[in-house]
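# next come a sequence and a model predicted from it.
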Amino acid sequence: MRAAVRRGCALMLAVLTLAVSLAAPALAARVLEVGSSGSDVTKVQQKLIQWGYLSGTADGKYGAKTRAAVISFQRKNGLTADGRVGPATAAAMGITLSGASGSGSSGGSTTASSASIISADHRLLSKLVYAEARGESYKGQVAVAAVVLNRVKSSSFPNTISGVIYQSGAFSCVSNGSINNTPDSTAIRAALDALNGWDPTGGCLYYYNPKATSDQWIRTRTVKTVIGNHSFAV
(Lines give C-alpha, C1' and ligand atoms only; values in the text may rest on other atoms or scores of the structure.)
Protein backbone atom coordinates (compact mmCIF):
# COMPACT_ATOMS: atom_id res chain seq x y z
CA MET A 1 0.00 0.00 0.00
CA ARG A 2 2.79 2.43 0.98
CA ALA A 3 4.72 1.54 -2.17
CA ALA A 4 1.67 2.32 -4.28
CA VAL A 5 1.24 5.68 -2.56
CA ARG A 6 4.90 6.50 -3.17
CA ARG A 7 4.56 5.54 -6.82
CA GLY A 8 1.46 7.73 -7.10
CA CYS A 9 3.21 10.70 -5.52
CA ALA A 10 6.22 10.23 -7.78
CA LEU A 11 3.96 10.14 -10.83
CA MET A 12 2.14 13.29 -9.74
CA LEU A 13 5.46 15.09 -9.17
CA ALA A 14 6.65 14.07 -12.62
CA VAL A 15 3.47 15.39 -14.22
CA LEU A 16 3.76 18.71 -12.37
CA THR A 17 7.42 19.03 -13.33
CA LEU A 18 6.56 18.40 -16.97
CA ALA A 19 3.75 20.96 -16.87
CA VAL A 20 6.05 23.61 -15.41
CA SER A 21 8.78 22.88 -17.95
CA LEU A 22 6.28 23.17 -20.79
CA ALA A 23 4.81 26.40 -19.45
CA ALA A 24 8.15 28.13 -18.79
CA PRO A 25 9.18 28.60 -22.43
CA ALA A 26 5.81 30.17 -23.18
CA LEU A 27 6.39 32.77 -20.48
CA ALA A 28 10.02 33.33 -21.47
CA ALA A 29 9.12 33.75 -25.13
CA ARG A 30 7.11 36.96 -24.61
CA VAL A 31 7.83 39.10 -27.68
CA LEU A 32 6.37 42.43 -28.75
CA GLU A 33 5.85 43.01 -32.46
CA VAL A 34 3.56 44.77 -34.93
CA GLY A 35 0.01 44.18 -33.71
CA SER A 36 0.92 43.98 -30.02
CA SER A 37 -0.68 46.41 -27.60
CA GLY A 38 -0.84 47.23 -23.92
CA SER A 39 1.34 48.61 -21.17
CA ASP A 40 4.48 46.76 -22.27
CA VAL A 41 4.29 48.47 -25.65
CA THR A 42 3.79 51.79 -23.89
CA LYS A 43 6.96 51.24 -21.86
CA VAL A 44 8.93 50.50 -25.02
CA GLN A 45 7.54 53.57 -26.78
CA GLN A 46 8.28 55.83 -23.83
CA LYS A 47 11.93 54.75 -23.90
CA LEU A 48 12.19 55.18 -27.67
CA ILE A 49 10.66 58.66 -27.47
CA GLN A 50 12.95 59.62 -24.60
CA TRP A 51 16.03 58.52 -26.55
CA GLY A 52 14.96 60.22 -29.78
CA TYR A 53 14.18 57.13 -31.85
CA LEU A 54 10.43 57.77 -31.98
CA SER A 55 8.31 60.91 -32.18
CA GLY A 56 4.75 61.42 -31.03
CA THR A 57 3.08 59.89 -28.01
CA ALA A 58 3.23 56.46 -26.41
CA ASP A 59 -0.18 55.07 -27.35
CA GLY A 60 0.48 51.44 -26.47
CA LYS A 61 -0.06 50.23 -30.06
CA TYR A 62 2.85 48.55 -31.83
CA GLY A 63 2.71 49.81 -35.40
CA ALA A 64 5.10 50.42 -38.27
CA LYS A 65 6.66 53.53 -36.70
CA THR A 66 7.40 51.71 -33.46
CA ARG A 67 8.90 48.81 -35.41
CA ALA A 68 11.17 51.19 -37.37
CA ALA A 69 12.27 52.87 -34.13
CA VAL A 70 13.04 49.49 -32.55
CA ILE A 71 15.14 48.51 -35.58
CA SER A 72 17.15 51.74 -35.26
CA PHE A 73 17.71 51.04 -31.56
CA GLN A 74 18.73 47.44 -32.24
CA ARG A 75 21.22 48.44 -34.91
CA LYS A 76 22.86 50.99 -32.63
CA ASN A 77 23.19 48.42 -29.85
CA GLY A 78 24.45 45.51 -31.96
CA LEU A 79 21.26 43.48 -31.62
CA THR A 80 19.44 41.47 -34.27
CA ALA A 81 17.53 44.18 -36.13
CA ASP A 82 14.21 42.39 -36.58
CA GLY A 83 11.94 45.11 -35.19
CA ARG A 84 10.66 42.84 -32.42
CA VAL A 85 11.18 43.34 -28.69
CA GLY A 86 12.16 40.07 -27.04
CA PRO A 87 14.24 39.39 -23.93
CA ALA A 88 17.55 40.68 -25.37
CA THR A 89 16.14 43.93 -26.72
CA ALA A 90 14.07 44.51 -23.57
CA ALA A 91 17.18 44.04 -21.42
CA ALA A 92 19.14 46.52 -23.55
CA MET A 93 16.29 49.00 -23.07
CA GLY A 94 16.31 48.45 -19.33
CA ILE A 95 12.70 47.31 -19.15
CA THR A 96 10.96 44.20 -17.90
CA LEU A 97 8.17 42.76 -20.00
CA SER A 98 5.18 41.88 -17.84
CA GLY A 99 4.20 38.86 -19.89
CA ALA A 100 0.64 40.12 -20.30
CA SER A 101 -0.99 40.49 -23.68
CA GLY A 102 -3.95 42.32 -25.15
CA SER A 103 -4.93 45.95 -25.12
CA GLY A 104 -5.91 46.25 -21.49
CA SER A 105 -3.92 46.62 -18.31
CA SER A 106 -1.01 44.26 -17.81
CA GLY A 107 -2.13 43.57 -14.27
CA GLY A 108 1.44 43.88 -13.06
CA SER A 109 3.92 46.69 -12.72
CA THR A 110 3.55 48.96 -15.73
CA THR A 111 6.72 50.91 -15.05
CA ALA A 112 9.03 48.16 -13.84
CA SER A 113 12.61 48.58 -15.03
CA SER A 114 15.39 46.08 -14.79
CA ALA A 115 18.60 47.02 -13.04
CA SER A 116 20.91 44.60 -14.79
CA ILE A 117 24.48 45.46 -15.74
CA ILE A 118 24.88 44.83 -19.48
CA SER A 119 28.57 45.63 -19.99
CA ALA A 120 31.79 46.70 -18.27
CA ASP A 121 31.27 50.26 -19.50
CA HIS A 122 27.74 50.25 -18.08
CA ARG A 123 29.06 49.03 -14.73
CA LEU A 124 31.73 51.73 -14.51
CA LEU A 125 29.34 54.48 -15.59
CA SER A 126 26.81 53.31 -13.00
CA LYS A 127 29.47 53.52 -10.29
CA LEU A 128 30.35 57.05 -11.40
CA VAL A 129 26.69 58.10 -11.30
CA TYR A 130 26.21 56.60 -7.85
CA ALA A 131 29.35 58.23 -6.48
CA GLU A 132 28.75 61.65 -8.02
CA ALA A 133 24.97 62.03 -8.07
CA ARG A 134 23.16 59.77 -5.64
CA GLY A 135 20.55 61.88 -3.91
CA GLU A 136 19.90 63.85 -7.09
CA SER A 137 16.72 63.38 -9.11
CA TYR A 138 16.64 60.58 -11.67
CA LYS A 139 17.01 63.12 -14.48
CA GLY A 140 19.97 64.61 -12.64
CA GLN A 141 21.65 61.22 -12.44
CA VAL A 142 21.13 60.60 -16.16
CA ALA A 143 22.60 64.05 -16.82
CA VAL A 144 25.82 63.21 -14.97
CA ALA A 145 26.19 60.03 -17.01
CA ALA A 146 25.50 62.01 -20.20
CA VAL A 147 28.38 64.40 -19.43
CA VAL A 148 30.76 61.44 -19.39
CA LEU A 149 29.46 60.23 -22.74
CA ASN A 150 29.65 63.72 -24.22
CA ARG A 151 33.30 63.84 -23.21
CA VAL A 152 33.90 60.50 -24.93
CA LYS A 153 32.55 62.04 -28.15
CA SER A 154 34.64 65.21 -27.77
CA SER A 155 38.15 65.42 -29.24
CA SER A 156 39.21 67.30 -26.09
CA PHE A 157 38.86 64.22 -23.88
CA PRO A 158 39.80 60.53 -23.93
CA ASN A 159 37.63 58.48 -26.31
CA THR A 160 36.56 55.76 -23.88
CA ILE A 161 34.34 55.78 -20.80
CA SER A 162 37.11 54.46 -18.58
CA GLY A 163 39.57 56.98 -20.04
CA VAL A 164 37.22 59.88 -19.28
CA ILE A 165 36.37 58.72 -15.77
CA TYR A 166 39.95 57.95 -14.77
CA GLN A 167 41.47 61.01 -16.41
CA SER A 168 43.65 62.68 -13.81
CA GLY A 169 41.70 65.19 -11.74
CA ALA A 170 38.47 64.76 -13.67
CA PHE A 171 36.22 63.39 -10.93
CA SER A 172 36.64 63.67 -7.17
CA CYS A 173 35.06 60.26 -6.63
CA VAL A 174 38.11 58.66 -8.23
CA SER A 175 40.58 60.41 -5.97
CA ASN A 176 38.57 59.78 -2.79
CA GLY A 177 37.78 56.15 -3.66
CA SER A 178 33.99 56.38 -3.73
CA ILE A 179 34.05 55.24 -7.37
CA ASN A 180 34.51 51.75 -5.91
CA ASN A 181 31.14 51.73 -4.11
CA THR A 182 28.42 49.41 -5.40
CA PRO A 183 25.83 51.35 -7.43
CA ASP A 184 22.14 51.05 -6.63
CA SER A 185 19.42 50.16 -9.13
CA THR A 186 18.60 53.82 -9.83
CA ALA A 187 22.18 54.63 -10.83
CA ILE A 188 22.28 51.51 -12.99
CA ARG A 189 19.11 52.50 -14.83
CA ALA A 190 20.25 56.11 -15.19
CA ALA A 191 23.55 55.03 -16.74
CA LEU A 192 21.69 52.76 -19.17
CA ASP A 193 19.34 55.57 -20.19
CA ALA A 194 22.34 57.77 -20.95
CA LEU A 195 24.05 54.99 -22.91
CA ASN A 196 20.88 54.60 -24.94
CA GLY A 197 20.85 58.26 -25.91
CA TRP A 198 19.05 60.38 -23.30
CA ASP A 199 21.01 63.57 -22.67
CA PRO A 200 19.13 66.00 -20.40
CA THR A 201 22.09 68.41 -20.62
CA GLY A 202 21.91 69.08 -24.34
CA GLY A 203 25.57 68.24 -24.93
CA CYS A 204 27.30 69.62 -21.83
CA LEU A 205 30.88 68.64 -21.02
CA TYR A 206 31.02 69.81 -17.40
CA TYR A 207 28.91 69.88 -14.27
CA TYR A 208 29.48 71.24 -10.80
CA ASN A 209 27.69 72.11 -7.59
CA PRO A 210 28.00 75.90 -7.22
CA LYS A 211 27.39 75.61 -3.49
CA ALA A 212 30.19 73.15 -2.96
CA THR A 213 33.00 73.88 -5.41
CA SER A 214 35.91 76.24 -4.82
CA ASP A 215 37.13 75.82 -8.39
CA GLN A 216 37.00 79.25 -10.01
CA TRP A 217 37.84 77.98 -13.50
CA ILE A 218 34.71 75.84 -13.71
CA ARG A 219 32.63 78.92 -12.97
CA THR A 220 33.91 80.53 -16.17
CA ARG A 221 32.18 77.87 -18.28
CA THR A 222 28.85 78.73 -19.88
CA VAL A 223 25.99 77.11 -17.97
CA LYS A 224 23.31 75.68 -20.25
CA THR A 225 21.02 74.12 -17.68
CA VAL A 226 20.60 73.47 -13.97
CA ILE A 227 19.27 70.15 -12.71
CA GLY A 228 18.96 69.76 -8.97
CA ASN A 229 22.19 70.81 -7.26
CA HIS A 230 24.28 70.66 -10.42
CA SER A 231 24.98 73.29 -13.05
CA PHE A 232 25.76 71.80 -16.46
CA ALA A 233 28.08 73.75 -18.73
CA VAL A 234 30.04 73.73 -21.97
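Perfect, thanks for sending it. Here the structure is a predicted model, which means the values were calculated and not measured. Numbers count the residues shown, from 1 in each chain.

# which residues sit against stretch 50-58?
Defining contact as C-beta atoms under 8 Å, 6 or more residues apart in numbering, one finds that stretch 50-58 is touched by 41-42, 45-46, 48-49, 65-66, 69-70, 72-73, 193, 196-198. For the C-beta atoms, the positions are set from N, CA and C on the backbone; glycine is no exception.

# from those residues, which land in strands?
Within the contacts of stretch 50-58, no residue falls in strands by DSSP state E.

# and the furthest pair within the residues you listed?
Maximum pairwise distance in these, criterion C-beta to C-beta, is 21.2 Å, between 65 and 193.

# so if I had to pick from the two, which one is more boxed in?
Ranked by neighbour count (other C-beta atoms under 10 Å), residue 65 and residue 193 place residue 193 first, with 24 against 15.

# what's the closest non-adjacent residue to the more buried one?
Of all residues not flanking residue 193 in the chain, residue 142 sits nearest, at 5.0 Å (C-beta to C-beta, 6 or more residues apart in numbering).

# now do the SS call for that neighbour.
Classification of residue 142 by DSSP: H, G, I helix; E, B strand; the rest coil places it in helix.

# residues contacting it?
Residue 142 is in contact with 190, 193, 194, 198, 199, 200, counting by C-beta under 8 Å, 6+ apart.

# quick check: the two most widely separated of these?
190 and 199 (12.0 Å).

# more neighbours: which of those two?
Neighbour comparison, residue 190 and residue 199: the larger count goes to residue 190, with 31 against 19 (by other C-beta under 10 Å).

# I'd like the contacts of residue 142 as CSV, with distance to residue 178 appended.
Putting these into CSV (distance: C-beta to C-beta, whole Å) gives the following:
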residue, distance to residue 178
190, 16
193, 22
194, 19
198, 24
199, 24
200, 23
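
# let me know the closest of the residues you listed to residue 126.
residue 190 (7.7 Å).

# wait, a strand at the closest one?
No: secondary structure of residue 190 (three-state DSSP): helix, not part of a strand.

# right, and it touches residue 146 too?
No: using C-beta atoms under 8 Å, residue 190 is not in contact with residue 146, being 9.4 Å away.

# tell me, what's touching these two both at once?
Counting by C-beta under 8 Å, 6+ apart, nothing touches both residue 190 and residue 146.

# related to what we said a few turns ago, quick check: the residue nearest to residue 193 vs residue 69, distance?
As judged by C-beta to C-beta, to the nearest Å, residue 142 and residue 69 stand 20 Å apart.
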